[in-house]
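1. quick one, structure for this:
(one chain, ligands or ions: 2)
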Amino acid sequence: MTKGRVDDNFLFEMEDIEFGERRFVEVAIGLPVEKTFYYEIPSGFGERLRLGSRVLVPFRGRKVTGYAIAFPPDLADYPKADVPKPILDVLDERPLFDDRMLAFYRWISRYYLYPLGHVIKGGLPPGINLESQRLLSTTPKGRAFLESGKLTQEELKILRSIADHGKIAFEKAAKRFPHWRIYSLKEAGLIQVDLGLKDVRIKPKREKVVKYREQGTEGGHLSPKGKEVLAFIREVGEISHKSLCAEFKGASRIVKRLEEKGLVSIELREVYRDPLSHLMTGEDLRPELTPKQVKALETIDKGIDSLRFSPFLLYGITGSGKTEIYLRAIERVVEMGREAIVLVPEISLTPQLIGQFLKRFGRRVATLHSGLSKGERYDEWRRIRDGNADIAVGARSAIFAPFERLGMIIVDEEHETSYKQEEKLRYNGRDLAVVRAKLCDAVLILGSATPSLEMYHNAVADKFHLLKLDERIERKPLPAVEIVDMRKERVRGAILSEKLRKALAKNLAAGRQSLLFLNRRGFANFIQCPDCGFVFKCPNCSVSLTYHHRGKKLICHYCNYTIMVPDLCPNCQGYRIRSFGIGTEGVEDEVRKIFPGTTVDRMDRDTTRGRRSHQRILKKVRSGETDILVGTQMIAKGHDFPNVTLVGVICADLSLNLPDFRSSERTFQLLTQVAGRAGRGMNPGKVIIQTFNPNHYSVQMARDQDFAKFYCEESRFREELRYPPFSRLINFRIEGTSQKRSIKAAEEMGEWRRRLLRERPYRTGIEILGPSPAPLVKLKGKYRYQMLIKGKRANSLHRFAQELAEKTKKRWVGRGINLSIDVDPISVM
Ligand code: ADP
Ligand code: ZN
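-> Ligands and ions are numbered 1, 2, ... in the order given. Okay, here's the model as predicted:
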């Protein structure tokens, strides 16, 4: 194929492409490599290979999985040194993603500065890929040595073990024997290392099915039980072996006999694992819509009917009936033959919501989230791709659901931070919902009682259509919120104020339930004066300074501003200034001490380690067994407990003093959400907020449930200091096991950015903070330093970041330093 031929015989060339006689394919590899690569398509594969399929390719001496992403028309000019190698195998007859999905993946790769192949791999269900592994086996020389025994005891043991296995995975052998011993045997030529394929593909689950056979020879000697079972099978036609055994005792033996007589057949059939059956109970109430719900839906319906990208921000206070709007909107979309994705913050915390979807739509709903086993996830993914489900409900990764006719994406509690993935590909599911809805001409509904500043900003700027639900269903009143000023408490340092203690006692006496809430998000330390509540803030960045125990320093981890901890509080000259330490366990103990004989339960990361432990705790609250539930932000979300009438916030300052520019927003959201848990039943609710900052606007406006006013205050602060939504941020984090090297890498990165800022024409509007130590300087044995890049325009910011990333990676990666890039960071801990 030369360029000349293309000119001479253009039509012929076109036909070539039409009929799939392609010679080369562009492949994105599922490894952390930035580039994509070209491979040759050996004749014979041409027919089978389609874009979106996986291919097995040779890569740097290994066999790896890649994804076919394009057929380049002509590679005649390809440099000789890089003559494309042939692909080894085509792994899918049916592509795993279509053009639109590929466009989505490409967008993600560019925006989050993450390799395309890795993005694709992350979007597919885990475990679907083949991976190569090293296999050990003995050589003839090694086998001879086994006989002659010219080896130490240990060497003999290793060699014999490998010989016994025939072939054994290196990783497996290395679990039992030291690496270096295995290598020394290899160097001596006694064993060899080959590459083999590790088959980690998840297979469809199969189930034994018992079927009635018409032509079987009837009668003979059948026991009464045998006759009974046979009659049953004849009536139902077929039944899973498992269900049959549950129906009849000893059915397994009887069925075997029936099969021998040719009366029934037993077959293996592919089935889907069913992770949801336990949630599908109860009836669907399908309430009459309120006038406000009707109005909101009318606007959404117009968007659905337009078949165009239509984004809505559904701002509805807690208990205003947002879920019913989601359900109705989806009904319309599905009726039109299109599909829907529903993102929820954390599936283990929202069984009620999922239950509602299941009740309305039955098995047309698939769920995708990390709580499922790999097999379950794979099956749900397959049900979607096979067209057997048209609604996917799940955590952030459900945004990758393989729908081809996507008509709607809903993000419930859009402001939640759990939409952000904090490892590997650091995407935000909510933001990707906007992108995918746009690419698919779909309707987007972002719902929240406390919208994020970013999304509300979009609504104010008329990019999103704002829908408001400002009344609770059945006009239930919002709870009365009271603020307790902890500076004025008689007993200094008490966990429960007098007011909260009295309210708890009263609620207990009335036989009602209470929640006590303590925010423990992040673990950064701050120093506070217990007398006046004073907290140190950075004069440049307006975030709290983080206490670093070593050296007794206070550091701003945005800009590296550093001071020593003074002995006296600069505000009130108090001498008790100290770091703040209180946990949910402490609160639980205190409550038990004050109210002996009451049932106190606790919900936090420690008590919810086990599978289903969430449900167990929540069930106990719902059944009325628990009198007082103490918990972290886990209890603040979404739950609907009718008998909870009192909510106590132990310390609003914990979130207010997070070293993060979003701390006020987080506080407002948490307080509003947690207050929304009270008074959802017949009795009105009460909320008590304990704080050292009773006059802070977050606390005040959460009390008044006044989001609009909060938005105005907070925007002013963000605009002044150029924080999002008035700018964009990218966080560069250097991590390494050696502190010296990590610091060196961070310093060098700082140098480059100074040079880049001087030299590049697109630098205007870019601002850099740091490098500085991360609030958790040492985490899991790694030292962490970071640099925040701020930019007014996304394009120039991304160009700058890309250049800086390339430079840093080239110099440091592979030398004990890791660089992670966080675009639109949610937290810079
Ligand atoms: P939100 O998600 O806005 O906090 P929910 O969707 O949980 O509110 O609704 C609160 C309660 O009101 C739920 O128990 C829900 O079943 C009920 N509900 C919703 N819409 C209606 C309606 N139109 N009529 C009666 N009850 C409704
Ligand atoms: Zn600072």
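
2. hey, where'd the strands end up in the stretch 251-400 of the chain?
-> 264-271, 310-316, 339-343, 365-368, 391-394 (DSSP state E, counting those that start in this stretch).

3. the fourth one packs against which elements?
-> The contact analysis (3 or more CB pairs under 8 Å, 6 or more residues apart in numbering; DSSP states H and E) places strand 365-368 against helix 351-361, helix 374-385, strand 391-394. Every C-beta, even on glycine, is put in place using the N, C-alpha and C of the backbone.

4. single out the most deeply packed of the ones you listed.
-> strand 391-394 (a mean of 28; mean count of other CB atoms under 10 Å).

5. which secondary structure elements does the strand ranked longest in the chain contact?
-> Across the chain, the longest stretch assigned as strand under DSSP state E is strand 766-779. Packed against strand 766-779, as judged by 3+ CB pairs under 8 Å, 6+ apart, are the following elements: strand 546-548, helix 739-759, strand 782-791, helix 794-812.

6. rerun that using 6 Å as the cut-off
-> Other elements packing on strand 766-779 under the criterion 3 or more CB pairs under 6 Å, 6 or more residues apart in numbering; DSSP states H and E are helix 739-759, strand 782-791.

7. JSON lines for those, including distance to ligand 1, mean neighbour count and mean pLDDT?
-> Shown next, in JSON lines, are these (distance: least, CB to the nearest ligand atom, whole Å; neighbours: other CB atoms under 10 Å; pLDDT from 0 to 100):
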{"stretch": "helix 739-759", "distance to ligand 1": "44", "mean neighbour count": "16", "mean pLDDT": "83"}
{"stretch": "strand 782-791", "distance to ligand 1": "35", "mean neighbour count": "23", "mean pLDDT": "90"}
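
8. quick one: closest of the ones you listed to residue 544.
-> Between residue 544 and these, the shortest gap by CB to CB is with strand 782-791, which sits at 15.6 Å.

9. the closest one close to ligand 2?
-> No - if you take CB under 5 Å from the ion as the test, strand 782-791 misses ligand 2, and the best it gets is 9.7 Å.

10. which strands border that strand, and is each parallel or antiparallel?
-> Next to strand 782-791 in the sheet, as set by DSSP bridges, lie strand 728-736 (antiparallel), strand 766-779 (antiparallel).

11. reformat these as TSV; add mean pLDDT.
-> Formatted as TSV, the strands paired with strand 782-791 follow (pLDDT from 0 to 100):
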stretch	mean pLDDT
strand 728-736	93
strand 766-779	84
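
12. adding mean neighbour count, write those out as JSON lines.
-> Shown next, in JSON lines, are these (neighbours: other CB atoms under 10 Å):
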{"stretch": "strand 728-736", "mean neighbour count": "22"}
{"stretch": "strand 766-779", "mean neighbour count": "20"}
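
13. and of those strands, who's closest to ligand 2?
-> strand 766-779 (6.8 Å; CB to the ion).

14. so what touches the closest one?
-> 524, 546, 557-560, 659, 746, 750, 753, 784-791, 800, 829 (CB atoms under 6 Å, 6 or more residues apart in numbering).

15. lowest confidence element among the helices and strands of this structure?
-> Scoring the helices and strands of the chain by mean pLDDT, DSSP states H and E places helix 3-8 at the bottom, with a mean of 32.

16. follow-up on the earlier one: closest one to ligand 1 among the strands paired with strand 782-791?
-> Distance to ligand 1, taken as CB to the nearest ligand atom, is lowest for strand 728-736 among the strands paired with strand 782-791, at 30.2 Å.

17. now the closest one, how far from the centre of its chain.
-> On the basis of CA atoms, centre = their mean, to the nearest Å, strand 728-736 sits 20 Å off its chain's mean C-alpha point.

18. taking their axis directions, it and helix 739-759 sit at what angle?
-> Calculated by axes from the mean of the first three to the mean of the last three CA atoms, to 10 degrees, strand 728-736 forms an angle of 150 degrees with helix 739-759.

19. got the angle for strand 728-736 vs helix 794-812?
-> Using the same axes, to 10 degrees: strand 728-736 against helix 794-812 is 10 degrees.

20. and the host helix or strand of residue 162, what does it pack against?
-> Here residue 162, judged by DSSP states H and E, is contained in helix 153-165. Packing partners of helix 153-165 (3+ CB pairs under 6 Å, 6+ apart): strand 131-138.

21. so where do the strands sit in the stretch 601-750 of the chain?
-> Taking DSSP E, counting those that start in this stretch as the criterion, the stretch 601-750 of the chain carries its strands at 628-631, 644-649, 686-691, 728-736.

22. ok, the second one: who's next to it in the sheet?
-> Yep, that's strand 644-649 we're talking about. Going by DSSP bridges, the partners of strand 644-649 are strand 513-517 (parallel), strand 686-691 (parallel).

23. just send those back as JSON lines, with distance to residue 437 too.
-> Formatted as JSON lines, the strands paired with strand 644-649 follow (distance: least, CB to CB, whole Å):
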{"stretch": "strand 513-517", "distance to residue 437": "34"}
{"stretch": "strand 686-691", "distance to residue 437": "35"}
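
24. tell me which of those is the most buried.
-> Buried most deeply of the strands paired with strand 644-649, by mean count of other CB under 10 Å, is strand 513-517, with a mean of 26.

25. so which bits of the stretch 251-400 of the chain are right by ligand 2?
-> By CB under 5 Å from the ion, no part of the stretch 251-400 of the chain sits against ligand 2.

26. near ligand 1, which residues of the stretch 251-400 of the chain? Just list them.
-> Contact residues (CB under 6 Å from any ligand atom) of the stretch 251-400 of the chain with ligand 1: 287-290, 293, 316, 318-324.

27. any quick PyMOL command for the buried ones out of those?
-> Selecting only the buried entries of these in PyMOL, with 16 or more other CB atoms under 10 Å as the criterion:
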select buried, resi 290+293+316+318+319+320+321+322+323+324
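
28. picking up where we left off before, can I get the strands of the stretch 251-400 of the chain in JSON lines with distance to residue 606?
-> Formatted as JSON lines, the strands of the stretch 251-400 of the chain follow (distance: least, CB to CB, whole Å):
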{"stretch": "strand 264-271", "distance to residue 606": "37"}
{"stretch": "strand 310-316", "distance to residue 606": "33"}
{"stretch": "strand 339-343", "distance to residue 606": "27"}
{"stretch": "strand 365-368", "distance to residue 606": "26"}
{"stretch": "strand 391-394", "distance to residue 606": "26"}
